[in-house]
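# just to be clear, the model below is a prediction. Sequence and coordinates:
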Amino acid sequence: MAAPVPLPARTDVAALAMRAVTRASAAAAALARADAGVTVNADRVAVAYTSERWLRVDGRAPVAFAPLSGFFPTSDAYVRTHANYPHHRAALLRALGMPDISDDRAGRDALAAVLRTRSAHSAASAITAAGGLCVIVRAEAPRADAALRRAPLVEIERVGAGPVKLLPDPRVDAPLRGIRVLDLTRVIAGPVATRTLALLGAEVLRIDPPRLPELAHQHLDTGHGKRSALLDLSSPAGRSRGEELLSGADVIALGYRPAALAALGLSPEAIAARHPGVVVLQLTAWGEPDRRGFDSLVQADSGIAVLEGDDAAPGALPAQALDHSAGYLLASAAMDLLGRRSREGGSWLASTSLRRIAAELLGLPRTPEKTPLHPLADAAGHTQDFIVDGVRITTAAPAVSYPGGPTAFAAPRPWGRDEPAWA
């Protein structure tokens, strides 16, 4: 029996993590035609899932959550905010009529004081309407979760015709060599998926809008082996260049709101119509076309935060497990669909949501007590060091593993420094 993944929680996040990484490892082994079975290291999985704990930038640990992100009591319930990005922070402050206080502790205290005067519903509604991010912390809804679990964890759909495209002759350590992946995702889940494809030899080009800088530490944590470029896909010139990139891609990963992508002509169906034979990966927070969200917010809204908390306050999983699981599951689906395209052609869509993965976790067995979380004794055996732009970086090492496969990531590149073009 495999060793349990050291991610202690009341919910069985350890089983969820092992399942997702094993699935991606098995898909990679199948493409590489690796003969022996797949064995995944439980400690390595735990370090990968908690990668923000081990990330170091010149020896310093970046702050994972901004001061205005977190749980706050209101007059009648708890809410969870997310204000890591400057535009979300600005929207939250604007919605509540608050000044921008530069001192972190004073700013958080001021936000807490304002939220205590509001109901959870009025606070969440006002912040959401202003373009910010805030959800009410809710108890689980077993019937809703059961309904979600009736759908596959990752839904596969043929979205158009397309030619048979043979995979390059596989190298056991680089079974995706010759495959191009256009990465239109950010934060954790999508970048984990495309980082996994890059590990396996794919050429991955990440595109970000110039007006929305990525958090520097977040990119370094998930940017391994990719090139990173800026391109405004809403401008005529950007759309033209984007079409050139789309035409050369085998896999396109989408992580922005579906409604926003559709307005740019980037729905999976529209992409497949213009570029037959493509494999599209689509991730959403909620499975809804126009609702913003992050892992921490889905944990709060779905009932996970209540289960992982106590009588005094809600709590959280020991990892951004919904994000990481989504990433490995989508990477696995991409590999499966590339193999399927090589046999029968077609344009394909693999989609999931953080909310669907939350429902999966909520359907697993639970323990009545949560074992206190302790750092792994030997995390150094599961990390890598790089020099990026003159700065020493330490990140988690790959969790995906199979006989003869790659054992180390290529270095992340500085965010936005590459040209928006295939190599």
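Structure received. Residues are numbered from 1 along each chain as shown.

# for Val204, phi and psi?
Dihedral angles of Val204 (phi, psi; degrees, to the nearest 10) stand at phi -110, psi 130.

# so it touches Ala193, yeah?
No - with contacts defined as CB atoms under 8 Å, Val204 does not count as touching Ala193, sitting 9.9 Å away. To be clear about C-beta, it is placed using only N, CA and C from the backbone, and glycine gets the same treatment.

# three-state assignment of the closest residue to Glu419 other than its chain neighbours?
Of all residues not flanking Glu419 in the chain, Ala229 sits nearest, at 5.9 Å (CB to CB, 6 or more residues apart in numbering). Each residue gets one of three states, and Ala229 gets strand by DSSP: H, G, I helix; E, B strand; the rest coil.

# may I see the buried residues of stretch 175-182?
Buried residues in stretch 175-182, defined by neighbour count with 16 or more other CB atoms under 10 Å: 175-176, 178-182.

# can you list the weak-confidence ranges in the stretch 301-423 of the chain?
Judged against pLDDT under 70, the low-scoring parts of the stretch 301-423 of the chain cover residues 369-378.

# how close does the residue nearest to Arg227 when sequence neighbours are not counted sit to Ala237?
Across the structure, with CB to CB, 6+ apart as the measure, the residue nearest Arg227 apart from its sequence neighbours is Asp418 (4.1 Å). For Asp418, the distance to Ala237 (CB to CB, to the nearest Å) stands at 17 Å.

# between these two, who's got more neighbours?
More neighbours sit around Asp418 than around the other of Asp418 and Ala237, counting by other CB atoms under 10 Å; the figures are 17 against 10.

# so that one touches Gly223, yeah?
No - with the criterion set as CB under 8 Å, Asp418 and Gly223 do not qualify as a contacting pair; they are 11.0 Å apart.

# coming back round to it: please report the distance of the residue nearest to Arg227 from Asp104.
When distance is defined by CB to CB, Asp418 is 33 Å away from Asp104.

# neighbour count: Val204 and Ala193, which is higher?
Between Val204 and Ala193, counted using other CB under 10 Å, Ala193 has the larger neighbour count: 32 against 27.

# so where does the more buried one fall, helix or strand?
helix 189-199 (DSSP states H and E).

# and what of Leu205?
Counting by DSSP H and E, the element that carries Leu205 is strand 203-208.

# between that strand and helix 189-199, how many degrees?
Between the direction of strand 203-208 and that of helix 189-199, the angle (axes from the mean of the first three to the mean of the last three CA atoms, to 10 degrees) works out to 160 degrees.

# and the contacts of strand 203-208?
Surrounding strand 203-208, the residues in contact under the criterion CB atoms under 8 Å, 6 or more residues apart in numbering are 179-186, 191, 194-195, 197-198, 214, 223, 225-231, 233, 242, 245, 415-416, 418, 420-423.

# can you say which of these are buried?
Among the contacts of strand 203-208, those scoring as buried are 179-186, 191, 194-195, 197-198, 214, 223, 225-231, 233, 242, 245, 415-416, 418, 420 (criterion: 16+ other CB under 10 Å).

# output the below-cut-off pLDDT ranges for this structure.
For the chain, the ranges with pLDDT under 70 are 1-3, 369-378.

# with adjacent residues omitted, what lies nearest to the residue lying farthest from the centre of it?
Among the residues of the chain, the one whose C-alpha is farthest from the average of all C-alpha positions is Thr117, by CA atoms, centre = their mean at 33.8 Å. Counting by CB to CB, 6+ apart, Thr117 lies nearest to Ser75, which is 6.6 Å off, once chain neighbours are set aside.

# give me the number of residues near that neighbour?
Counted with other CB under 10 Å, Ser75 comes out at 12.

# and Ser353, by the same measure?
Residues near Ser353, counting by other CB under 10 Å, number 25.

# residues in contact with it?
Residues counted as contacts of Ser353 (CB under 8 Å, 6+ apart) are 283-287, 326.

# and which of the residues you listed is nearest Leu92?
In terms of CB to CB, no member of the contacts of Ser353 lies closer to Leu92 than Ala285, at 17.1 Å.
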